[in-house]
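**Q** here's a sequence, model it:
(one chain, ligands or ions: 1)
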Amino acid sequence: MGNITFTMIKPEAVAANNIGGILSMIEKGGFRILAMKKVQLTSERAAEFYSVHKERPFYDELVQYMSGGPIIAAILEKDNAVADFRTLIGATNPAEAAEGTIRKRYATSLSENAIHGSDSDDNAKIEADFHFSSQEIF
Ligand code: GDP
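**A** Numbers count the residues shown, from 1 in each chain. As a prediction, this is how the structure comes out:
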């Protein structure tokens, strides 16, 4: 599959009609969309996706938020995809996100921060496989 990362446009950004604006920043950032779908996670699926955060105090809130409305899930391709995408989305807390980043432009708070990006190549593969079958990736 080459050099990939996985992303989700989070529920509040979908609800705010920001899908197109965010996808435009992603494509202009040099990423190619290999797979994409609109889907609503059940709370069980959201809990499984974020199971690495199970011990964090905000885990239940995160699961509730991420299963509270539809998301856009996508696999993105680019050289150095994971690190370059983390740069494009900006810091977890939008108050600390750099100018020109997706979170600076679209995130509303630390918890509702518009977009997810994988934090390693291993997790990019795990997260892509969690959401997509091989027939959905082009
Ligand atoms: P990311 O890799 O930048 O998304 O950040 P993390 O892996 O640390 O956290 C995962 C997600 O949990 C973040 O994107 C936020 O949506 C949420 N989150 C992080 N910290 C907090 C917090 O302190 N409170 C709440 N409610 N949510 C948080």
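**Q** tell me the residues of this structure that contact the ligand?
**A** The chain has residues F58, E61, L62, T92, L110, S111, N113, H116, D119 near the ligand, with proximity defined as Cβ under 6 Å from any ligand atom. All C-beta atoms are positioned from the backbone trio N, CA, C, and that covers glycine.
**Q** show me which residues of the one helix or strand D122 maps to are buried.
**A** Using DSSP states H and E, D122 sits within helix 121-131. By neighbour count with 16 or more other Cβ atoms under 10 Å, helix 121-131 contains the buried residues N123, A124, K125, E127, A128, H131.
**Q** want to throw those residues into TSV with pLDDT?
**A** As requested, the buried residues of helix 121-131 are arranged in TSV below (pLDDT from 0 to 100):
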residue	pLDDT
N123	97
A124	98
K125	97
E127	98
A128	98
H131	98
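**Q** closest to the ligand among the residues you listed?
**A** The shortest approach to the ligand among the buried residues of helix 121-131 belongs to N123, at 9.6 Å (Cβ to the nearest ligand atom).
**Q** burial measure for the closest residue to that closest one other than its chain neighbours, as a count.
**A** Leaving aside its sequence neighbours, N123 sits nearest to F6 (Cβ to Cβ, 6 or more residues apart in numbering; 7.7 Å). For F6, the count of nearby residues is 26 (other Cβ atoms under 10 Å).
**Q** quick one: contacts for F6?
**A** A73, A74, I75, L76, H116, G117, S118, N123, A124, E127, A128, H131 (Cβ atoms under 8 Å, 6 or more residues apart in numbering).
**Q** contact partners for the second one?
**A** Contacts were defined as Cβ under 8 Å, 6+ apart; by that measure A74 touches F6, T7, M8, I9, I26, I33, L34, A35, M36, K37.
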